[in-house]
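Peer 1: sharing a sequence plus its predicted fold:
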Amino acid sequence: MKKAEFIEAVANKSGLSKKDANEALSAILETITEALKNEQTVNFIGFGSFSTVKRSAREARVPLTGKKVQIPERNAVKFKVGKSLKDSVA
């Protein structure tokens, strides 16, 4: 499902216009992004939770050349599926 299709589905289910649904979705995604930038966890009970994890620095090998490169430490986003979502998909 593409973003436009998702917005249309949300608009149909909520009774909002497509413009309002798009604005709401954009606000939701911005809020989640800001929270993750501040290393906060975002929980949606039954759906899942978004959090950040630190990936430690490591050494990797480039498959084509065999050259070893250093990958620096970084933050990554983690999503843990909630029970209700897991049960409904299974």
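Peer 2: Nice, thanks for sending it over.
Peer 1: so what's the backbone phi/psi at Phe47?
Peer 2: With angles defined as degrees, to the nearest 10, Phe47 sits at phi -100, psi -50.
Peer 1: if I look at it, how far off is Val10?
Peer 2: Here Phe47 is placed at a distance of 15 Å from Val10 (C-beta to C-beta, to the nearest Å). In this view, the C-beta of every residue, glycine as well, is placed from N, C-alpha and C.
Peer 1: give the other helices and strands that the lengthiest helix in the chain contacts.
Peer 2: If you go by DSSP state H, the chain has its longest helix at helix 18-37. For helix 18-37, the elements it packs on are helix 3-14, strand 42-44, strand 48-55, judged by 3 or more C-beta pairs under 8 Å, 6 or more residues apart in numbering; DSSP states H and E.
Peer 1: ok now that helix, how far from the chain's centre?
Peer 2: From the chain centre to the centre of helix 18-37 is a distance of 12 Å (C-alpha atoms, centre = their mean, to the nearest Å).
Peer 1: now do stretch 1-18
Peer 2: 19 Å.
Peer 1: low pLDDT regions in this protein?
Peer 2: Scanning the chain for pLDDT under 70 picks out no residues.
Peer 1: about what we covered before: how about the helices and strands packed on helix 18-37 in JSON lines, adding mean neighbour count and distance to Lys68?
Peer 2: Below are the helices and strands packed on helix 18-37 laid out as JSON lines (neighbours: other C-beta atoms under 10 Å; distance: least, C-beta to C-beta, whole Å):
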{"stretch": "helix 3-14", "mean neighbour count": "13", "distance to Lys68": "39"}
{"stretch": "strand 42-44", "mean neighbour count": "14", "distance to Lys68": "37"}
{"stretch": "strand 48-55", "mean neighbour count": "14", "distance to Lys68": "18"}
